[in-house]
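> Please find the sequence and the predicted model below.
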Amino acid sequence: MSLLTLLLGILNALAPLAGFEGLTAAPAGADLPAREMRVEPLCEHELTAREEERMLAAMVHRCELVGLRGVQVRREGRDFVLRVEGGLMRTMEEYTDTLDELEAVFNERTRLQLLPVHPRSESLVNDARVQELLIAYETAMVQYEEGNAPGGERPQMPELPPRFSTEGYMLVEYPVISAEDGSSRYEYLVVQRPEFAAAADLLVTEMEVERAAVDVARAGCVDVELTLRGGDVLSRLTRDMEHGSDRLAIMLNGALVSAPVVHATLGCTFVITGLSPHECQSVVDGLAKPLPVPVKVHERQRVGD
């Protein structure tokens, strides 16, 4: 027991004898007033029933992640009205700052795509003509990074030659870190295009993430749990793969971060590897039940005013 704790205990014991009330710590958020905000979806289309359900759950979830409590959301016309009763903040300033940051919290998103790697990816990449295209691309990238690119435009990844009959597939860069000296290099994989996977109802995205958390036992890893629908899609995607040889590309914000070999049919859980500690937390924050469309938060007012 600390000296401060002992003194507080003695004062609380003596206070009634002196006619005073005991000393107690005010709970966090005890004096924080309820607030209401109008949240406007920034999209031209009407939200589908699934998008509306996701919007309601995602706003509550993200509010609670930043310490707001008593969160309620209702629909008013096209907009949503968000009400918070208070939070875990100790001061009004901290509470106000948290409410000011809600729009950024709502709009934060890590784009996730799980896509199959072409079974013949290695042989396709090693084709002589593809190697010529990749060498030209890498040369153009060096010029771009040095500021000497013609027109100043970032080079685009080359398309696969038509003779491969690989419509629906694309070349992507794959960063590989050496286990010996930590140096990095780029390899290339042939991965299915997202629109083709979506057309076959075999595309898993961030909209199917139920939960994401940094794996405390393994450095650079994020554990991901999908919704039941997402788990069903991932199961169908990996069920027909050649287990032990076929690979699954994990894309974050358009970049391929890992491509593990699939050893069994996957379900509602999987792991993202190869991230830095900062990237792990950023990915987790962006995957925490993202809203289906961007939003604008405005018309904040104190309840009862």
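On my side now, so go ahead. If you're wondering where the values come from, they're calculated on a predicted model, not measured in any experiment.

> lowest-pLDDT helix or strand in this structure?
helix 3-18 (a mean of 44; mean pLDDT, DSSP states H and E).

> Mind checking what helix or strand follows that helix in sequence?
Using DSSP states H and E, the helix or strand that follows helix 3-18 in sequence is strand 35-41.

> gap between that next one and the chain center?
23 Å (Cα atoms, centre = their mean, to the nearest Å).

> Could you export it as PDB, CA atoms only?
Extracted C-alpha coordinates of strand 35-41, given in PDB (Å, rounded to 0.1, in the frame of the first residue of the first chain):
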ATOM      1  CA  ARG A  35     -23.900  15.300 -27.800                       C
ATOM      2  CA  GLU A  36     -25.800  14.700 -31.100                       C
ATOM      3  CA  MET A  37     -24.200  14.800 -34.500                       C
ATOM      4  CA  ARG A  38     -25.600  14.500 -38.000                       C
ATOM      5  CA  VAL A  39     -23.600  12.100 -40.200                       C
ATOM      6  CA  GLU A  40     -24.100  12.500 -44.000                       C
ATOM      7  CA  PRO A  41     -23.100   9.600 -46.300                       C
END
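
> Could you give me the buried positions within stretch 59-74?
Neighbour-count burial for stretch 59-74 flags Met59, Val60, His61, Arg62, Cys63, Leu68, Val71, Val73 (criterion: 16 or more other Cβ atoms under 10 Å). The way it works is simple: take the backbone N, C-alpha and C, and place the C-beta from them, glycine included.

> go on, stretch 135-147?
Tyr137, Ala140, Met141, Tyr144.

> Show me how far that stretch is from its chain's centre.
Using Cα atoms, centre = their mean, the offset of stretch 135-147 from its chain centre is 30 Å.

> can you pull the contacts of Cys268?
Glu210, Glu225, Leu226, Thr227, Leu228, Gly230, Gly231, Leu234 (Cβ atoms under 8 Å, 6 or more residues apart in numbering).

> Can you name the residues in contact with stretch 188-203?
With Cβ under 8 Å, 6+ apart as the criterion, stretch 188-203 contacts 113-118, 120-121, 124-125, 134, 160, 166, 168-174, 233, 236-237, 247, 249, 251, 256, 259.

> Give the ChimeraX command for selecting the buried subset of these.
ChimeraX command restricting those to the buried ones, with burial defined by 16+ other Cβ under 10 Å:
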select :113,114,115,116,117,118,121,124,125,134,160,166,169,170,171,172,173,174,233,237,247,249,251,256,259
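
> Now intersect the contacts of stretch 188-203 with the strands, please.
113-116, 169-174, 249, 251, 256 (DSSP state E).

> okay if I get those as JSON lines plus distance to Phe270?
Formatted as JSON lines, these follow (distance: Cβ to Cβ, whole Å):
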{"residue": "Gln113", "distance to Phe270": "13"}
{"residue": "Leu114", "distance to Phe270": "8"}
{"residue": "Leu115", "distance to Phe270": "13"}
{"residue": "Pro116", "distance to Phe270": "14"}
{"residue": "Tyr169", "distance to Phe270": "22"}
{"residue": "Met170", "distance to Phe270": "22"}
{"residue": "Leu171", "distance to Phe270": "24"}
{"residue": "Val172", "distance to Phe270": "19"}
{"residue": "Glu173", "distance to Phe270": "22"}
{"residue": "Tyr174", "distance to Phe270": "18"}
{"residue": "Ala249", "distance to Phe270": "12"}
{"residue": "Met251", "distance to Phe270": "13"}
{"residue": "Leu256", "distance to Phe270": "15"}
